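Novice: mind looking at a prediction? Sequence and model below.
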Amino acid sequence: MLTLINNAEVFAPQRLGRRDLLIADRRVAAVAEKISLHGDPVEVVDAAGKWLLPGFVDALTHPCGGGGEGGFGNRTGELDAADFVRAGVTAPVGALGTDSLARSLEVLYGKVMELRGRGLSAFMLCGSYRLPPVTLTGDVARDLMFIEPLIGAGEIAIADHRSSQPTAAELRRLAADIHLGGTLSGKRGTVLLHVGDGDGGLGLLEAAPRDSDLPRRLFYPTHVNRNGKLLEQALDHVRRGGFADITVATTPEFIEQGEVSPLRALRHAVEADTPAERLTLSSDAGGSLPLYRDGNLVGLQQASPAVLLDLFQAAMREDPDLVDAVIAGLTRNPADAYGLTKKGRVAPGCDADLLLIDPASGDLTDVFGGGRRLMRDGSLEI
Ligand code: ZN
């Protein structure tokens, strides 16, 4: 069955203008001003007046839940495929996070495969906050080689009181193993670094590749909008060829304590001439948003993938000149950070992970995951 989407304003993520798009065999088969088909059975979708975007690639999620800081009572729950689809996320990358003791990579793998079974292109990372990293096969390079949905390690914690207080040499060895496994398996291989609010900031990231042959892009720090100083360090990393990830889930308390809101961080980056194509926006969905005062845990909320669609809508309303950078930060840029070449863009040969959005309301109306309808006219079909 072919699907023809007519007359959409296409963001590839760059603006292409009004286009028709043909889906065949789970992929985008053609994008053109006019596509005419004769004879083949085809479902036609009238997208006049709508925006067509790549599905969001969410660089950091915790689909099995996260947290547990402050005790078992604070563990956060699992996410459902519907949570991602409603937010426009078609390619979530799952990670363990703080807890690799009462949670496991085996459970995460099962969750990732469940999400795949329900139409999403889910991926996963080995490791957790701790070093040495937890793995499925006993070795991070073997994990990359033999576990198809596994595309890197993370989130490995640095500059955080919950980290293993790793050394640069430990981080360098981990990155070297990921790089080797990635090279042998044809994956990029990426080390996602959870950066806490410790004084060290990105110091370890700068030290790890020094005196090595490892490319800077292996190291992908997240939560870099945690404070202004860390953001400046991250923008410097991006200017020198790295990728960095801005966390979209936040709370008024975090902002009060110095966190830079995602739109402010993005605006600052653009104005500071940072290559915005290496800045990404992730939800941290499923993870806990712990609130510490004077070192004591005083509150906890759970992040949702919905923050990504909220951010897109906020940009449309309040910062229209940032909309293109937001779309790229939610789609092509994180796909590039992980080397997912068929994700995060609208082009012939790419996976048909597509969103239709009503630009007047900002509402997501339709979602395609690998060509399969996951949402139709605002109603879920999973
Ligand atoms: Zn984190």
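Specialist: Nice, thanks for sending it over.
Novice: in the stretch 1-150 of the chain, which residue sits closest to the ion?
Specialist: Relative to the ion, the nearest point of the stretch 1-150 of the chain is Gly97 (6.2 Å; Cβ to the ion). Placement of C-beta: from N, CA and C, glycine included.
Novice: next one: the chain
Specialist: Distances between the chain and the ion by Cβ to the ion are smallest at His194, namely 3.4 Å.
Novice: identify the bridge partners of that residue.
Specialist: Ala157, Thr222 (DSSP bridges).
Novice: contacts only, for it.
Specialist: Residues in contact with His194 (Cβ atoms under 8 Å, 6 or more residues apart in numbering) are Gly97, Tyr129, Gly154, Glu155, Ile156, Ala157, Ile158, Asp160, Ser163, Thr222, His223.
Novice: can you redo the residues you listed as a markdown table with pLDDT and neighbour count?
Specialist: Shown next, in a markdown table, are the contacts of His194 (pLDDT from 0 to 100; neighbours: other Cβ atoms under 10 Å):
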| residue | pLDDT | neighbour count |
| --- | --- | --- |
| Gly97 | 90 | 28 |
| Tyr129 | 96 | 23 |
| Gly154 | 95 | 29 |
| Glu155 | 95 | 29 |
| Ile156 | 97 | 28 |
| Ala157 | 97 | 24 |
| Ile158 | 97 | 27 |
| Asp160 | 95 | 18 |
| Ser163 | 94 | 21 |
| Thr222 | 98 | 24 |
| His223 | 97 | 25 |
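Novice: closest to Ala8 among the residues you listed?
Specialist: Here the nearest of the contacts of His194 to Ala8, counting by Cβ to Cβ, is Thr222; it sits at 31.7 Å.
Novice: which ones are touching that closest one?
Specialist: Residues near Thr222 by Cβ under 8 Å, 6+ apart: 59-60, 154-155, 192-195, 244-245, 247, 282, 284.
Novice: go again using 7 Å as the cut-off
Specialist: Leu60, Glu155, Leu192, Leu193, His194, Val195, Asp245, Thr247, Ser282 (Cβ atoms under 7 Å, 6 or more residues apart in numbering).
Novice: who's in contact with the third one?
Specialist: Residues touching Leu192, when contacts are defined by Cβ under 7 Å, 6+ apart, comprise Leu60, Ala95, Leu125, Gly152, Gly154, Glu155, Tyr220, Thr222.
Novice: the residues you listed: which ones sit near the ion?
Specialist: Counting by Cβ under 5 Å from the ion, the subset of the contacts of Leu192 that neighbours the ion consists of Glu155.
Novice: so which of the contacts of Leu192 would you say is closest to Leu53?
Specialist: Ranking the contacts of Leu192 by separation from Leu53, with Cβ to Cβ as the measure, puts Leu60 on top at 19.9 Å.
Novice: below-threshold pLDDT in this protein: ranges please.
Specialist: Low-confidence regions of the chain, defined here as pLDDT under 70, cover residues 68.
Novice: 90 instead, please
Specialist: 1, 36-41, 66-76, 98-99, 102, 209-212, 250-257, 273, 287-302, 382 (pLDDT under 90).
Novice: residues in it within reach of the ion, list them.
Specialist: By Cβ under 5 Å from the ion, the residues of the chain that approach the ion are Glu155, His194.
Novice: all helices of the chain, in order?
Specialist: Counting by DSSP state H, one finds helices in the chain at the ranges 81-86, 105-117, 140-146, 168-185, 203-207, 228-239, 252-256, 262-271, 306-318, 323-330, 332-337.
Novice: then the fifth one to CSV, C-alphas only?
Specialist: Yep, that's helix 203-207 we're talking about. The C-alpha trace of helix 203-207 is given here as CSV (Å, rounded to 0.1, in the frame of the first residue of the first chain):
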residue,chain,number,x,y,z
GLY,A,203,36.5,19.5,32.5
LEU,A,204,36.5,15.8,32.3
LEU,A,205,35.1,15.8,28.8
GLU,A,206,37.9,18.2,27.8
ALA,A,207,40.5,16.0,29.5
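Novice: and the contacts of it?
Specialist: Taking Cβ under 7 Å, 6+ apart as the rule, helix 203-207 contacts Ile158, Pro166, Ala168, Leu171, Leu193, Phe219, Pro221, His237.
Novice: now for those residues: which two are most distant?
Specialist: Among these, Pro166 and His237 lie farthest apart (Cβ to Cβ), at 17.6 Å.
Novice: thinking again about what came up before, chain neighbours aside, what residue packs nearest to the residue of the stretch 1-150 of the chain closest to the ion?
Specialist: By the measure of Cβ to Cβ, 6 or more residues apart in numbering, the closest residue to Gly97 outside its immediate chain neighbours is Gly66, 4.2 Å from it.
Novice: so that neighbour makes contact with Gly77?
Specialist: No - in terms of Cβ atoms under 7 Å, Gly66 does not count as a neighbour of Gly77; the distance is 9.7 Å.
Novice: more neighbours, the two?
Specialist: The residue with more neighbours, out of Gly66 and Gly77, is Gly66; 27 against 11, by other Cβ atoms under 10 Å.
Novice: how far away is the more buried one from Met375?
Specialist: Per Cβ to Cβ, to the nearest Å, Gly66 is found 26 Å from Met375.
Novice: for Leu37, same thing?
Specialist: Taking Cβ to Cβ as the measure, Leu37 falls 24 Å from Met375.
Novice: what number of residues lie near Ala249?
Specialist: Taking other Cβ under 10 Å as the neighbour definition, Ala249 ends up with a count of 25.
Novice: ok, now the one 4 residues further on?
Specialist: The burial count assigned to Glu253 is 15, neighbours taken as other Cβ under 10 Å.
Novice: Gly17 too?
Specialist: A count of neighbours around Gly17, defined by other Cβ under 10 Å, yields 8.
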